[in-house]
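# Let's see this in three dimensions:
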Amino acid sequence: MTMKCDITWNVLSLPQWEEKFATISRSNILQSYDYALATCKLNRQSARWGLIKIDGAEAGLVQIIEARVAFGVFHALILDRGPLWFEGFGGAAHIVAFFTEFNHQFPSRWGRKRRIIPEIGQSATAHKILLQAGLKDQNKTPYQTLWWNIVQSEDDLRQNLSKSWLKSLKKSEKSDIEVIWDDKLQFFDEFKLNYVMDKQLKRYENISPQLLDNLASLPTHQTPIVTGRAIRENKCIASVLFLKHGACATYQVGWTTDEGRKYCAHHALLWQTQFMYDAYGIQTLDLGGITEDDPDCKKGLNKFKKGTGAKAVTLIGQYA
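Next up is the predicted model:
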């Protein structure tokens with residue numbers, strides 16, 4: 001039996017969107033309202049927020065970002081890491097129904113460029129489903145990330161750590177490191193200055209300082225930024241920045257000093273993110289992208305993230 005899918009755009013107020021978004025167990029920053037506002041301001045784009053209904057029942061949310069030129073003749077459409085489903089939805093039949101309707105509303109045509117990265121795990125069945133719904137595989141390297149459930153007992157969390165991660169954590173715990181968290185942007189300028197210098201020195205790609213500024217300029221009650229500072233002997237030796245979205249938060253970026261590396265400050269910072277559950281209701285951390293073909297993955301950031309025991313997920317890839 002074919003399911004009927006309806007996608008209605010911009011029918012929810014911001015409080016209604018946020019309330020429904022918070023019920024999604026694994027949301028991501030690219031589907032968050034805050035991210036859309038910040039990136040659209042930066043890139044002169046616009047956004048739409050969709051409520052998905054399957055056979056009349058509210059089933060999920062989806063956010064797209066667009067740019068139009070020449071009265072819409074040229075149209076760029078981005079759906080990154082969506083849709084997001086409410087509990088009880090997200091099965092194969094729901095996915096087919098959604099993308100069939102999405103493809104009907106925004107069909108592939110001359111002048112329209114579509115980038116679609118579904119929030120679906122990689123599998124031959126999922127690939128077949130998306131092709132069936134009318135999407136075209138772009139053969140891009142699939143995105144990988146790690147989900148870390150922080151709502152566990154401390155004993156359970158420690159048992160899931162790798163031996164090297166646990167050893168580094170114990171070293172940090174003996175190093176008189178104090179971790180200070182800030183969601184009021186009190187230390188945001190300090191973080192950004194150190195991040196920009198670190199980014200230029202090491203030549204890596206990550207969130208732009210301009211996009212961080214846009215996120216920081218959102219209304220105070222809405223600002224998703226949380227920074228953590230590792231303090232030793234009255235000096236900040238490392239820092240991290242998280243972005244909140246619903247019941248989840250994304251580990252976006254961090255920087256460290258030689259002293260921070262020596263005393264494993266980032267292990268202390270990530271370990272103490274457990275405070276986010278009590279402070280903000282954050283249950284799961286998206287530790288951000290990992291790259292298996294990175295030649296430094298065994299000794300770099302990938303190893304650090306994987307050492308937490310977080311669950312690795314590979315998304316199906318990019319479609320158009």
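
# low-scoring stretches of the stretch 1-150 of the chain, by residue?
Residues of the stretch 1-150 of the chain meeting the criterion pLDDT under 70: 1.

# Go again with 80.
1-2 (pLDDT under 80).

# Show me where it has its strands.
5-9, 46-54, 57-69, 74-82, 84-85, 112-118, 144-149 (DSSP state E, counting those that start in this stretch).

# Which one, of these, ends up nearest to residue 301?
For the strands of the stretch 1-150 of the chain, the distance to residue 301 is smallest for strand 144-149, at 10.9 Å, taking Cβ to Cβ. Where you see a C-beta, it was placed from the backbone N, CA and C, and this is true even at glycine.

# Could you point out the helix or strand that follows the closest one?
The helix or strand immediately downstream of strand 144-149 is helix 154-159, counting by DSSP states H and E.

# Let me see the mean pLDDT of the helix or strand following that following helix.
Remark: after helix 154-159, the chain's next helix or strand is helix 163-173, criterion DSSP H and E. Mean pLDDT, helix 163-173: 97.

# packing partners for helix 163-173?
Applying 3 or more Cβ pairs under 8 Å, 6 or more residues apart in numbering; DSSP states H and E, one finds that helix 163-173 contacts helix 265-271.

# what packs against the helix it packs on?
On a contact count with 3+ Cβ pairs under 8 Å, 6+ apart, helix 265-271 meets helix 163-173, strand 225-232, strand 235-245, strand 248-256.

# Any idea which of the strands of the stretch 1-150 of the chain gets closest to residue 229?
Closest approach to residue 229 among those (Cβ to Cβ): strand 144-149, 20.5 Å.

# Show me how far the closest one is from its chain's centre.
Relative to its parent chain, strand 144-149 has a centroid offset of 10 Å by Cα atoms, centre = their mean, to the nearest Å.

# try stretch 254-263
That offset, for stretch 254-263, works out to 24 Å (Cα atoms, centre = their mean).

# next one: stretch 243-254
6 Å.

# circling back: looking at the helices and strands packed on helix 265-271, which is nearest to residue 13?
The stretch from the helices and strands packed on helix 265-271 with the least distance to residue 13 (Cβ to Cβ) is strand 235-245; that distance is 17.8 Å.

# The closest one - which strands sit beside it in the sheet, and in what orientation?
Its sheet considered, strand 235-245 pairs with strand 225-232 (antiparallel), strand 248-256 (antiparallel) by DSSP bridges.

# count of residues packed around the nearest residue to residue 231 once chain neighbours are set aside?
Leaving out its chain neighbours, the residue that sits closest to residue 231 by Cβ to Cβ, 6 or more residues apart in numbering is residue 178, at 4.5 Å. Residue 178 has 12 neighbours, counted by other Cβ atoms under 10 Å.

# tell me the phi and psi of residue 178?
Note on residue 178: backbone dihedrals following degrees, to the nearest 10 are phi -110, psi 130.

# that older thread, quick one: closest of the helices and strands packed on helix 265-271 to residue 123.
Nearest to residue 123, of all the helices and strands packed on helix 265-271, is strand 248-256, at 22.9 Å by Cβ to Cβ.

# Just the CA atoms of whichever helix or strand comes after the closest one, as PDB, please.
The element immediately downstream of strand 248-256 (helix or strand, assigned by DSSP H and E) is helix 258-262. Extracted in PDB, the C-alpha atoms of helix 258-262 (Å, rounded to 0.1, in the frame of the first residue of the first chain):
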ATOM      1  CA  ASP A 258      51.600  22.400  23.700                       C
ATOM      2  CA  GLU A 259      50.800  22.400  27.400                       C
ATOM      3  CA  GLY A 260      47.200  21.300  26.500                       C
ATOM      4  CA  ARG A 261      48.500  18.400  24.600                       C
ATOM      5  CA  LYS A 262      51.000  17.500  27.400                       C
END
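
# buried set for helix 258-262?
Buried residues in helix 258-262, defined by neighbour count with 16 or more other Cβ atoms under 10 Å: 259, 260.

# what's in contact with that helix?
By Cβ atoms under 8 Å, 6 or more residues apart in numbering, the residues outside helix 258-262 that reach it are 230, 232, 235, 237, 238, 265, 266.

# Now pLDDT too, for these, in a markdown table please.
Shown next, in a markdown table, are the contacts of helix 258-262 (pLDDT from 0 to 100):
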| residue | pLDDT |
| --- | --- |
| 230 | 98 |
| 232 | 97 |
| 235 | 96 |
| 237 | 97 |
| 238 | 97 |
| 265 | 98 |
| 266 | 97 |
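
# which element is the residue nearest to residue 121 when sequence neighbours are not counted on?
With sequence-adjacent residues excluded and distances taken as Cβ to Cβ, 6+ apart, residue 121 is closest to residue 313, at 6.1 Å. Using DSSP H and E, residue 313 sits within strand 311-314.

# What strands line up against that strand, and which way round?
In the sheet, strand 311-314 lines up against strand 144-149 (antiparallel) (DSSP bridges).

# The partner strand versus strand 74-82: what angle between them?
40 degrees (axes from the mean of the first three to the mean of the last three Cα atoms, to 10 degrees).

# No more questions from me, cheers.
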